[in-house]
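**Student:** Mind folding the following:
(one chain, ligands or ions: 2)
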Amino acid sequence: MTYDYDLIVIGSGPAGQKAAVQGAKAGKKVALIERDRVLGGACVHRGTIPSKTLRENALRVKNMRANASLSNFVLAEDTEMATLIDRLDQVLAAHDEYMRRQIERNHIDTIHGRAKFLDQHQLQIAKVRGESQTISADNIIIATGSFPRTPDNIPVDHEYLFDSDSILSMLYLPKSLTVLGGGVIASEYASIFQALGVKVTMVDKYPRPLGFLDQDLTDKFVHAFTEMGGTWLGEHNVTSARFDGLAGVITECDNGVSVHSEKLLCAAGRIANVKDLHIENAGLALNERGLISVDGNLRTSSPNIYAAGDVIGPPSLASASMEQGRRASCNALGMTLGRIASTIPSGIYAIPELSAVGLTEQQAIEKHGSAIVGRANFEEIARGQISGIQDGMLKLICDPSGHKLLGVMIVGEGATELIHIGQMALLNDADADIFVESIFNFPTLAEAYRVAALSVIGQRPK
Ligand SMILES: Cc1cc2nc3c(=O)[nH]c(=O)nc-3n(C[C@H](O)[C@H](O)[C@H](O)COP(=O)(O)OP(=O)(O)OC[C@H]3O[C@@H](n4cnc5c(N)ncnc54)[C@H](O)[C@@H]3O)c2cc1C
Ligand SMILES: NC(=O)c1ccc[n+]([C@@H]2O[C@H](COP(=O)([O-])OP(=O)(O)OC[C@H]3O[C@@H](n4cnc5c(N)ncnc54)[C@H](O)[C@@H]3O)[C@@H](O)[C@H]2O)c1
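**Tutor:** Ligands and ions are numbered 1, 2, ... in the order given. From the prediction side, this is the model:
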């Protein structure tokens, strides 16, 4: 049987893009299908890059306010959102250019249209102008990503009630914002808008936000958020939210609490993007969580079809999606791969930043009976003092003997970069001593590793 392509990749987000490039680098004939006019997926156009661009300006505003005696800075009322993401067009144009060049250089055929399975090897592509094209491949990778989940009782209208795809289309910075959710998207946007001076109320049914993180980190996050003027309402189950008919939104909780705000952001999780794909035609079905199941090689139950990225579920990160896409491609094409490291760091671009790799203190205690923990506060580190970073902290989690490193937890500016030092130590099965026996640049925040390691060594059982 001959096919049009060796490999077809559906979706051009981080997973699909890397899958297609890897296939082409292996000398295969590759097609990349994308239903949007632009390449890059949620990551580039509705998620990671836009939110981080807004964050950059929010940080500037926060720092200007902190230096008000120098700059006398006041953010104008009715600031247009466009002003706050003024660099986004440039960032997106640069990214788009880089992706287009990469796709062209590697001779990947890009087809814009909505893909639907006809069988295990054939796809029908519905194009914008109504025409359709049928193409076939030996192997297919599904990398169609995810979209925001909207609970039935939250009528998102993209005017008063927004989701994470539409929040940046608000014309003006609102005076107040309710954020439904305490997950990553909610925590990032809640703290970014609060730093911009919006009165933010975060509501979640769980007692603390970012519940998968070490409690010390989430405590620091809630403290910093409330210090900026935000309100955290944990253990509040939202039963309804609606436009009040005038100029705002009323959010009601099952304990009788109701919150009035100008706008609402619903960040209640994400759903795999599969509805147009007709995966049943390829012999596939969704699992009980609405995701596509794959084995350790990212292969679905149909042997020539692989899946990567948000469509297969957690960790649902751009970082992990890229590597899954590359691996799915290598596996589909029979290429040998090294072992994938199980230690994936999480990086939350809230204000302050949070990042973690390995076991939390609680997980280490559950696994090893106890743990030795060393802490370093950024305010005790020269770089932290110079940069005025007051709420930062680095925490090393070690086994009960105080030798083997089990996890690193960081909160504070620079956390998402600093974490990689700890990640490399973990990957190399290092003892805490590695941070004391190595000389780091001074003054840097990395010195916190040394301070925390000395604390661990000092607590070792005699
Ligand atoms: C607000 C926000 C902030 C985030 N911040 C971060 C962050 O800081 N760090 C991080 O690591 N992750 C972050 N993420 C998560 C990250 O964006 C996702 O994990 C990542 O985009 C998933 O990549 P993907 O390739 O699986 O899917 P996507 O990026 O969703 O791309 C899927 C593509 O498939 C296309 N598609 C879907 N169906 C079809 C079809 N039938 N035919 C043709 N094309 C189709 C879509 O149009 C889309 O372009 C964030 C997400 C959000 C929403
Ligand atoms: N920096 C990053 O790595 C980054 C940034 C943004 C998003 N992401 C990815 O995007 C994914 C989705 O993020 P998310 O924050 O939307 O989802 P999530 O599932 O992490 O959080 C959703 C939250 O909404 C709450 N919730 C839902 N319905 C509720 C109700 N009726 N009342 C009160 N609370 C309610 C849930 O309890 C939960 O805490 C994440 O899994 C993450 O991997 C990553």
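
**Student:** okay, CA-based contacts and neighbour counts for the rest of this
**Tutor:** Will do.

**Student:** Of all residues in the chain, which one is nearest the centre?
**Tutor:** Nearest residue to the geometric centre of the chain (C-alpha atoms, centre = their mean): residue 317, 4.8 Å.

**Student:** Can you verify my assumption that it contacts residue 323?
**Tutor:** No. In this structure, residue 317 is not within contact of residue 323 by C-alpha atoms under 8 Å, at 10.2 Å.

**Student:** Write out the residues of this protein neighbouring ligand 1.
**Tutor:** Selection of the chain residues close to ligand 1 by C-alpha under 6 Å from any ligand atom yields 10-16, 33-36, 40-43, 47-48, 51, 113-116, 143-146, 164, 185, 273, 276-277, 309-311, 316-319, 321.

**Student:** and ligand 2, which of those residues reach it?
**Tutor:** Contacts with ligand 2 within these, as defined by C-alpha under 6 Å from any ligand atom: 185, 316, 317.

**Student:** any idea how far the last one lies from residue 325?
**Tutor:** Using C-alpha to C-alpha, to the nearest Å, residue 317 is found at 12 Å from residue 325.

**Student:** Need the overlap of contacts for these two.
**Tutor:** residue 309 (C-alpha atoms under 8 Å, 6 or more residues apart in numbering).

**Student:** where do the strands sit along the stretch 151-300 of the chain?
**Tutor:** Applying DSSP state E, counting those that start in this stretch to the stretch 151-300 of the chain gives strands spanning 161-163, 176-180, 199-203, 231-233, 238-243, 249-253, 258-261, 263-266, 270-272.

**Student:** near ligand 2, anything from the last one?
**Tutor:** Yes. Part of strand 270-272 sits close enough to ligand 2 to count as contact by C-alpha under 6 Å from any ligand atom, namely residue 270.

**Student:** who does that strand touch, helix- and strand-wise?
**Tutor:** Under the contact criterion of 3 or more C-alpha pairs under 8 Å, 6 or more residues apart in numbering; DSSP states H and E, strand 270-272 touches strand 146-148.

**Student:** hang on, the earlier thing: which ones among the ones next to ligand 2 among the residues of the chain next to ligand 1 map onto helices?
**Tutor:** residue 185 (DSSP state H).

**Student:** Can you lay out the ones next to ligand 2 among the residues of the chain next to ligand 1 as a markdown table showing distance to residue 350?
**Tutor:** What follows is these, written out as a markdown table (distance: C-alpha to C-alpha, whole Å):
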| residue | distance to residue 350 |
| --- | --- |
| 185 | 9 |
| 316 | 17 |
| 317 | 15 |
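
**Student:** Could I get the pLDDT score of residue 73?
**Tutor:** Residue 73 carries a pLDDT value of 69.

**Student:** I'd like the distance between the residue nearest to the centre of the chain and residue 285.
**Tutor:** Counting by C-alpha to C-alpha, the separation of residue 317 from residue 285 is 23 Å.

**Student:** What of residue 184?
**Tutor:** Between residue 184 and residue 285 the computed distance is 28 Å (C-alpha to C-alpha).
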